[in-house]
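Enquirer: Below are the sequence and a predicted model; questions follow.
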Amino acid sequence: MIKRKQALIQSGLRGLLTACAGALVLCACVKQPLNAVSTFNSGPLFEEVTKAVGLRSEPTWKYGGPSIADLNGDGRYELMLSNHHRVTAQLFWANQDGQYVEHNSPLMKHDVHGIAPGDFDADGDADLLISLGGGNGSKPQPPRLLRNDDGILVDITEQAGIGGMGARGRAVRWIDLDNDGDLDILQINAAVLLSEKIPRNLMFENLGDGQFRYVPNSTFEAIDAERVLITDFDGDHIPDLVCFTPLSLWKGTDKFDFIDVTEAMLPAALHKTEHVMAVADLDIDNDGDLDLYLARGKTYYELANNSVDFDPEQGRIDLRDEGNKSHDGLSFSASGPIQLHDFFRWYRAVEFDPMVFLGKDKIAIPAPVDAITIEPSVAQGFPESITESGWYLGYLGEGQWRLEWRLNDNLAWDIRASISGVSSLSTDWVPQNSDVADLLLVNQPGRFIDASERLPEVHKGNNWGVTTGDFDNDSRTDLFVYRFGGLSKREPDALILNPQDGQLNSLMTHGAYSSEAPESHGDMGAAFDYDLDGRVDILSGDDDQGSWHLYKNVAQSIGQYLLVQVGYSPGGVDSIGAQVWLELDDATLYRHTGSSGATHSQSVLNTVHFGLGDSTSASRVRVRWRDGQEEIFDNVESGQLLKAGKLQPN
């Protein structure tokens, strides 16, 4: 049943209870002014507020983006940070004043890959699924289910019935697979090893009593992917999957099954597209359906295979190679002494302290992290035989040097080294090419077309992430693309603006970039309005010894806005999968409550942001939950936080 309400705009109004067909529905319109003007083409501007709002972050690997959701139903977003390596995963609770407080214990220790929030037990607060790695297949683990009991997180994995099927966990998702109103579990995992006896990918049905039941499906279980975006690309109100990499499209049936529509919906040249790192869905052309942006690049292990950067202006070589059993080398020239620095071994559960062996006599020194100077005189000649694992450096005369490295076993996930004072470089191998172009797929009836020619030049490179939002409030959704950069050189991420003419433009002077860790890399983040001021902010994870950064949108010359906070439906169904349409005089804007871009983690952005451009009102706002129930608001003024549905399920 569709309920129609005239939106009430009144200073100080916090809530209005109205009755419709015997059901109480909460609707509140909270006026929040924005200093918007009609000229908003100067571009968004961000400033970092990480420390100011109370976020604490240590440099480490991130393994995909954050998870963002309102865990306690107070209207503010909590932040779940999936640190992967030695730093534990973190949860930060949001206060009403825009500050964050860290949870009193680690969210999970080590090897965290994906986090997903969802109210599986319909008690009014969101619970957490956490996907854990399987020790490269040696220790397969089930996802951990943490029930949220008023802010106390209780591990109920075993009692909920999902503890018996371990896997090499990657992307975990809450999804209503049978359209019965409660949330089921979907997990996309890394490829199984020959010794593993369980399926690769897993589905669990929510039985409604706190228990889950494994649902076998040979088609789904065989999907070759480690990451997934849940979307609705055919507009039938049933969730579909975009799996990657390789890229494949799966139409949902609401009966614990999916149909492979990759060949039917993609151009032939894009079937099984490789190197997809992150995917975001967005209505880029405001035509009412969801288009796709694919950020593409090379992963850790692909880069850890004969990758080298040479900067002739700085005279610097940065090298990265695999940590498996191998023997490789390169030659270079230098007019004087050289500096060795940033030698690194990515620990792989093997005790090994690599040495650098200098000259023909193989004088051993520890592989240096801090810069040390090597004079030609101390590295004269090159060894006649190389048998021990380590680095070998020799001066050959007349400004010529030789570097080789040998590993007698699989001793690291990768090895790295940097050399300064170099004038030229020659490798024994063809260097890894990390330039992979992103893709823009525009949704046409029944298929996607490749519209990548509309993208700016910055889309060509090694891009690891993408998130979306209307950053300038001009009513068109923009993109923020995370660039890996060089092996040891952080590059600014790219803000791609979506103007009315459809030709996307890049903006690099946006301020959402930190230079505090120049050797870190762009990874993934999430765009959302953390302080509910009508401007879309950005939380970014800088990977590989980088940190988490929260950037506040401080632009003044941007358009009007409207926020629609989606609660529970009149029937008590949560906000996951809810759809929102906003009608202006000249356009209908479409959003949904999923993630603003996905790799391993899932977000529930249920405070839906709309930029309105110069419009000071919307003629209609329509909210549809996945149970088919709707709520409509007519003649809504801009600058509001509009609340749809109920605060609690019952």
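Expert: Here it is on my side, so go on.
Enquirer: Can you list the buried residues in stretch 394-412?
Expert: By neighbour count with 16 or more other Cβ atoms under 10 Å, stretch 394-412 contains the buried residues Gly394, Tyr395, Trp401, Arg402, Leu403, Glu404, Trp405, Arg406, Leu407, Leu411, Ala412. All C-beta spots, glycine's among them, are computed from the backbone N, C-alpha and C.
Enquirer: Rebuild those residues as a markdown table, extending it with distance to Asp283 and pLDDT.
Expert: As requested, the buried residues of stretch 394-412 are exported to a markdown table (distance: Cβ to Cβ, whole Å; pLDDT from 0 to 100):
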| residue | distance to Asp283 | pLDDT |
| --- | --- | --- |
| Gly394 | 59 | 98 |
| Tyr395 | 61 | 98 |
| Trp401 | 55 | 98 |
| Arg402 | 56 | 98 |
| Leu403 | 51 | 98 |
| Glu404 | 53 | 98 |
| Trp405 | 50 | 98 |
| Arg406 | 53 | 98 |
| Leu407 | 49 | 97 |
| Leu411 | 49 | 96 |
| Ala412 | 44 | 94 |
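Enquirer: Please identify which of those is nearest to Ser601.
Expert: Set against Ser601, the nearest of the buried residues of stretch 394-412 by Cβ to Cβ is Ala412 (26.7 Å).
Enquirer: Helix, strand, or coil at the closest one?
Expert: Classification of Ala412 by DSSP: H, G, I helix; E, B strand; the rest coil places it in coil.
Enquirer: distance of Asp309 from Asp125?
Expert: Asp309 is 47 Å from Asp125, where distance means Cβ to Cβ, to the nearest Å.
Enquirer: sorry, that was for Pro499
Expert: Distance, Pro499 to Asp125, using Cβ to Cβ: 40 Å.
Enquirer: Who has more neighbours out of these two?
Expert: Using other Cβ atoms under 10 Å, the more surrounded residue of Pro499 and Asp125 is Asp125, with 18 against 13.
Enquirer: Need phi/psi at the nearest residue to the more buried one once chain neighbours are set aside.
Expert: Nearest residue to Asp125, sequence neighbours excluded (Cβ to Cβ, 6 or more residues apart in numbering): Asn148, at 4.6 Å. Per-residue torsions, Asn148: phi -90, psi 110 (degrees, to the nearest 10).
Enquirer: now do Ala268
Expert: The phi/psi pair for Ala268 (degrees, to the nearest 10) is phi -60, psi -40.
Enquirer: For it, grab the count of nearby residues.
Expert: That count, for Ala268 with other Cβ under 10 Å as the rule, works out to 6.
Enquirer: Tell me the spacing between it and Trp93.
Expert: 49 Å.
Enquirer: In strands only, show me the buried residues of stretch 394-412.
Expert: Mapping the buried residues of stretch 394-412 onto strands (DSSP state E) picks out Gly394, Tyr395, Trp401, Arg402, Leu403, Glu404, Trp405, Arg406, Leu407.
Enquirer: Surely the fifth one touches Ile419?
Expert: Just to be clear, that refers to Leu403. Yes - counting by Cβ atoms under 8 Å, Leu403 does reach Ile419; the two are 7.3 Å apart.
Enquirer: hey, what's the closest residue to Ala269 other than its chain neighbours bridged with?
Expert: With sequence-adjacent residues excluded and distances taken as Cβ to Cβ, 6+ apart, Ala269 is closest to Asp450, at 7.5 Å. Applying DSSP bridges to Asp450 gives these bridge partners: Leu441.
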